[in-house]
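[1] Got a predicted model here, sequence first, then my questions.
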There are 6 protein chains.
Amino acid sequence: MSRIDGRTPEQLRPVTIERGWSKHAEGSVLISFGDTKVFCTASVTEGVPRWRKGTGEGWVTAEYSMLPRSTNTRGDRESVRGKIGGRTHEISRLIGRSLRAVIDYKALGENTVVLDCDVLQADGGTRTAAITGAYVALADALTWAKDKKLIRHGRQPLTGTVSAVSVGIVDGTPLLDLCYEEDVRAETDMNVVCTGDGRFVEVQGTAEAEPFARDELNSLLDLAVAGCADLDAAQRAALARTL
Amino acid sequence: MSRIDGRTPEQLRPVTIERGWSKHAEGSVLISFGDTKVFCTASVTEGVPRWRKGTGEGWVTAEYSMLPRSTNTRGDRESVRGKIGGRTHEISRLIGRSLRAVIDYKALGENTVVLDCDVLQADGGTRTAAITGAYVALADALTWAKDKKLIRHGRQPLTGTVSAVSVGIVDGTPLLDLCYEEDVRAETDMNVVCTGDGRFVEVQGTAEAEPFARDELNSLLDLAVAGCADLDAAQRAALARTL
Amino acid sequence: MSRIDGRTPEQLRPVTIERGWSKHAEGSVLISFGDTKVFCTASVTEGVPRWRKGTGEGWVTAEYSMLPRSTNTRGDRESVRGKIGGRTHEISRLIGRSLRAVIDYKALGENTVVLDCDVLQADGGTRTAAITGAYVALADALTWAKDKKLIRHGRQPLTGTVSAVSVGIVDGTPLLDLCYEEDVRAETDMNVVCTGDGRFVEVQGTAEAEPFARDELNSLLDLAVAGCADLDAAQRAALARTL
Amino acid sequence: MSRIDGRTPEQLRPVTIERGWSKHAEGSVLISFGDTKVFCTASVTEGVPRWRKGTGEGWVTAEYSMLPRSTNTRGDRESVRGKIGGRTHEISRLIGRSLRAVIDYKALGENTVVLDCDVLQADGGTRTAAITGAYVALADALTWAKDKKLIRHGRQPLTGTVSAVSVGIVDGTPLLDLCYEEDVRAETDMNVVCTGDGRFVEVQGTAEAEPFARDELNSLLDLAVAGCADLDAAQRAALARTL
Amino acid sequence: MSRIDGRTPEQLRPVTIERGWSKHAEGSVLISFGDTKVFCTASVTEGVPRWRKGTGEGWVTAEYSMLPRSTNTRGDRESVRGKIGGRTHEISRLIGRSLRAVIDYKALGENTVVLDCDVLQADGGTRTAAITGAYVALADALTWAKDKKLIRHGRQPLTGTVSAVSVGIVDGTPLLDLCYEEDVRAETDMNVVCTGDGRFVEVQGTAEAEPFARDELNSLLDLAVAGCADLDAAQRAALARTL
Amino acid sequence: MSRIDGRTPEQLRPVTIERGWSKHAEGSVLISFGDTKVFCTASVTEGVPRWRKGTGEGWVTAEYSMLPRSTNTRGDRESVRGKIGGRTHEISRLIGRSLRAVIDYKALGENTVVLDCDVLQADGGTRTAAITGAYVALADALTWAKDKKLIRHGRQPLTGTVSAVSVGIVDGTPLLDLCYEEDVRAETDMNVVCTGDGRFVEVQGTAEAEPFARDELNSLLDLAVAGCADLDAAQRAALARTL
């Protein structure tokens, strides 16, 4: 099968990760998965939310949002509607959980990192690009925090690396990293978040049409694990560059 | 390993499904998974939301909520706070998608079914009990709609059955249908929604502590598929009783 | 005149009061006035709202809500609409005032009791059932608080008993405890809250059609006082049973 | 007993009713009950809310609000807080019901009157002053509507007059028309809305401290009926003046 | 050119400033610019917002609002809509900045003054009337605060006087103090806030139709400065009267 | 005087205007004024808001927002707070008015253009950069609309060009195009919107400390007019490049 953009089923779209995209944020990244572009910033502040004070442990949280014209037709701003939609809530929570999976709260100390993932242009896979980019912004922010002596412990707050990719079954074929047009046509859609050592942080599979069988699930997981390994390499390469 | 309530790892809590719990709703069920009790109603109305008018297709949606004192400590009402939290949004969307997976929109015709799942008492697994109970309420509501000739087509709008269960790894052991105390201690937590023929509608696994390996994922899926088969039997038995 | 359900004008609907309906709440009751069913929980917490701190006095408040399909046609959730309606506000305030009328704040000490009254099924008289049930839940919660030594004073925080009933004039006849169909047709509608010694805590009468005369008001009050005496007996009987 | 402002127990505060206080509104009144000043406007528009269209019947509704510094200490604006409080809701609903009690919807035709009652200065009795003033504004607005031929029927839409007054028991003595200082000290507080022929539209009595007995209720009702008769005379005198 | 109400281009509408219009507020004024009537209160409280605590400096802020029927057709209440509109926000901020321009925060000490400007009747120029009236209310409130020894310093917190007026170009002619009908027809509309010594606090000019040239801007500024001088005199005269 | 970044008082920061920054929007620009970066999109839709239907005239509106970490310390999202702040409202309105000043509604026909201006990085002058960039996005969107035959009239909907710049007095010296650090220290701050022929669309001057005199205002206007001429040239150069 030839995909709409000429990729093979197990191929990622071109991935770019530009660090230092903001002069204000402690960590910042403009990540693209093909035409999907997400601007990720990591903001470090001393102190933690009230319910965590005095525990000696830090906190990491995330907020996701789409610019109104990041999509093909303009969407209303959630600030104008006065409330956050269910999809936004769901993705913000997913990003937060995914990054917290590689954080050692004790090593972080009573500091908070907020990850803001704003979609500048959407073409499928915005949440997986957001997680992958937010990891790099987070890594830079923690380096900054160590330089500023905010993190006093010898231990490294990051316990591993994390990246994410979407997979899905389109016309019966399992595909990696769906673009919008593929996503719309997918019978089954799955987002997988992996650590660099190939274990799972999140697995979220949804039957969009027919329920899916165990062997289909297995094919999708195989694709996703391989895709995350490629993303892990891209993250490492980006972090290896001088900022 | 002996579980806190004496169950074996692959054992469900006692499941009860009482139909006809409301004199007003077209379908209604009080379902319990052990001490978790969810009141599910299915409300049928003629017509569909604006964006679906004229398509000849119906719509099914769901809303989930917890009574303020369904939990061990009282939670604020979302109506009083003036906004719906992320968790509520996420679960409402999950229930809706799960039930839509077994609906033939054309056979439903331009009718809408709203599933309300209100947690009266929570002890872990509220979302999976809600899906399992909502299916029975939905089945009753569709029978009502056929009796009232709202559904004119010969075809059955329900294309299958659906149930859901939680699974998780606690102290290294995969367990079925976690109660609250187990849920809090789980390293990995997964909600699985299956059709009666053992295929997947939703798979949502989250590493609460350590990332999980592929073979752990497989053990959890095995447990969940077996648990859903038991729930499917409980649903069939409930629906076989005279209302 | 024969009423729609065969009652005499001065007859209550069957009243049931089931205590201990929640494993979490300090007091809990499922009360029914005929087909009206309200789930009442009493939640005790140490401490009081900020404006009351340091006074040595406690606080009691209430929140009322209807499940979306407690009525004949489904109503929108107030959490989804993002605001609480006027009727809900009004009834929550009425329940709170009614219960506070039998509380000795000094004897309660700096503890707060929140009464949640959620209507599971509505058939007229939901606010009066809520007050009557909430009283029983409150009594159980205060017993719990004494057992836990949260209430240290020798004095009893409850200074009396309280119950409530609706009365109305339908087709010129004063009736006790209106069901929904009677309520809709009533020319005058009144909710009366009495203490066990027959005095008034709240009297709220409204002309739905014609203004009402003084002697009509007197007939309604006579009916209500007698009805509250019956409810008082039902409350005592319920509280006399072993939990 | 001598009251704080020298009145006898059965005496109203000085009442003034100034008509034509707005150049824009179809009816407008500045009413004062002593130091309580409420600005009431009646706005007439052709047409009715959606749920009433095609019935040939009109609608009357009311909104009540207090300016932030109408009270002794400044209160937050409800527009700034983003929601309307329970007390505001309750009073707006009371005013609307009270005025609708003297409206013949058929005679009004498919027109809507909105009564806005904004408290400029509060000293107790703001809701009763609002009802009493709104009646006069409503009468002027209906005259305007007849002049403009918006109301085509020969019948008069106003079926009677309506006014309201507060009564309460202070230090054991029943008093008419409580000022703020009396209101705060009242053991029982009652708002009574009467038609000009001495019948009741609303009776709302609340025990602020001790429950009240039947004979106390009767004394309060006697005072209120006499007070409303005085207010009825004041309304008639105001309407008799040339605008 | 003869203006709609017979004024010359450089003439203000009749201005009245009534002090002491509220018995509760520390300063209060009913100001009218022709048919525009704004009720301004100044509320003094000890203490400052959290972000200013411990600085030894005070704070002055303002809120503006229009009563729903202050305009020709009734507008929805912002409290009912649940949010404040952009125009209201903009004007509240303008009033606050304008008054803060003549405040010495150190001399005020850690006290807060809130200026509430509620439009009772609108006929153009409500924001400029509000600023002009709020100044007088503020002056009275500061006198009160000095009498109460809330302001301990010898210095005067008011560093000058401030007033405001609108100007605009209608049919090619620059006009002072536009009424509503002129405002609607204006090609250019400008609000100017001046101190008593003729300097500018705010200049806000907007081309409603054609962009405006530098010489038009100059003509408008000339008119405005002269108008503010007249308003300054009216403020002084009002403050010279015994309260 | 030497400015913090070495500019002369009458010098703009480096201005870059990148067109075609979004694959979805009909017009899109990333504009930078030094370190201030604003992403502007123009979205064209057929049809107009309800209140404008059937007039044959189009509509142009704007929304402005800052990403949470566009500033030195992270700000809360307005979507999370559930309401839009006064500053955001004010700037959105300013951008909309400024662009509408160069639109011929008749020539636009019943089409709507929404301008979204999202600040990616803030360093002073975000609103003026937004207006300047939005003009270019608007021009591209209108070219697109003509190509798509959405605009049928021969006339050009754009009647001129528009750009904006901030000016202010810092340490007594009038400066053009303030960066954040200068803005914070400015005694007077002014935003000026000009058309390409040097006339004014908006003039908004605010005394941040001392009121400003007429000659200071004149100096600032001189600077602003010259600055807008430079921006006009930058816009023309950007639009002259092939997209």
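    The structure has been received and is ready for your questions.

[2] Any idea which residue is closest to the centre of chain A?
    Geometric centre of chain A, nearest residue: A:I131, 0.9 Å, by C-alpha atoms, centre = their mean.

[3] hang on, it packs against A:S98?
    Yes. When contacts are counted by C-beta atoms under 8 Å, A:I131 is listed as touching A:S98 (4.9 Å). Where you see a C-beta, it was placed from the backbone N, CA and C, and this is true even at glycine.

[4] hey, what's in contact with both of these two?
    With contacts defined as C-beta atoms under 8 Å, 6 or more residues apart in numbering or on different chains, the residues shared by A:I131 and A:S98 are A:V162, A:A164, A:V193.

[5] Helices of chain A, residue ranges please.
    Counting by DSSP state H, residue ranges of the helices within chain A are A:78-81, A:86-100, A:105-108, A:126-147, A:180-185, A:214-240.

[6] can you tell me which of those helices comes nearest to chain D?
    Chain D lies closest, by C-beta to the nearest C-beta, to one member of the helices of chain A: helix A:78-81, at 13.5 Å.

[7] Mind giving me the packing neighbours of the closest one?
    Packed against helix A:78-81, as judged by 3 or more C-beta pairs under 8 Å, 6 or more residues apart in numbering or on different chains; DSSP states H and E, are the following elements: helix F:78-81.

[8] Does A:D183 touch A:D189 like I think?
    Yes. Taking C-beta under 8 Å as the definition, A:D183 is a contact partner of A:D189 at 6.6 Å.

[9] Residues of chain A that sit close to chain B?
    Counting by C-beta under 8 Å from any C-beta of the partner chain, the positions of chain A adjacent to chain B are A:83-87, A:89-90, A:92-93, A:97, A:101, A:160, A:190, A:194-195, A:197, A:199-207, A:210-214, A:217, A:221, A:225.

[10] which residues touch A:V201?
    The neighbourhood of A:V201, defined by C-beta under 8 Å, 6+ apart, consists of A:R97, A:S98, A:A101, A:V102, A:V162, A:V193, A:C194, A:T195, B:T206, B:A207, B:P211.

[11] Which pLDDT value goes with A:M1?
    Confidence at A:M1, expressed as pLDDT, is 58.

[12] Which residue, other than its chain neighbours, is closest to A:G75?
    The shortest distance from A:G75 to any residue that is not its chain neighbour, by C-beta to C-beta, 6 or more residues apart in numbering or on different chains, is 5.4 Å, and that residue is A:P68.

[13] residues in contact with that neighbour?
    In this structure, A:P68 makes contact with A:R74, A:G75, A:D76, A:R77, F:T41, F:S43, F:E63, F:V114, F:D116, judged by C-beta under 8 Å, 6+ apart.

[14] closest to chain C among these?
    For chain C, the nearest member of the contacts of A:P68 is A:D76. The distance, counting by C-beta to the nearest C-beta, is 15.2 Å.

[15] The closest one: neighbour count?
    Counted with other C-beta atoms under 10 Å in any protein chain shown, the neighbours of A:D76 add up to 10.

[16] what do you get for the one 4 residues further on?
    The criterion is other C-beta under 10 Å. On that basis, A:V80 has 16 neighbouring residues.
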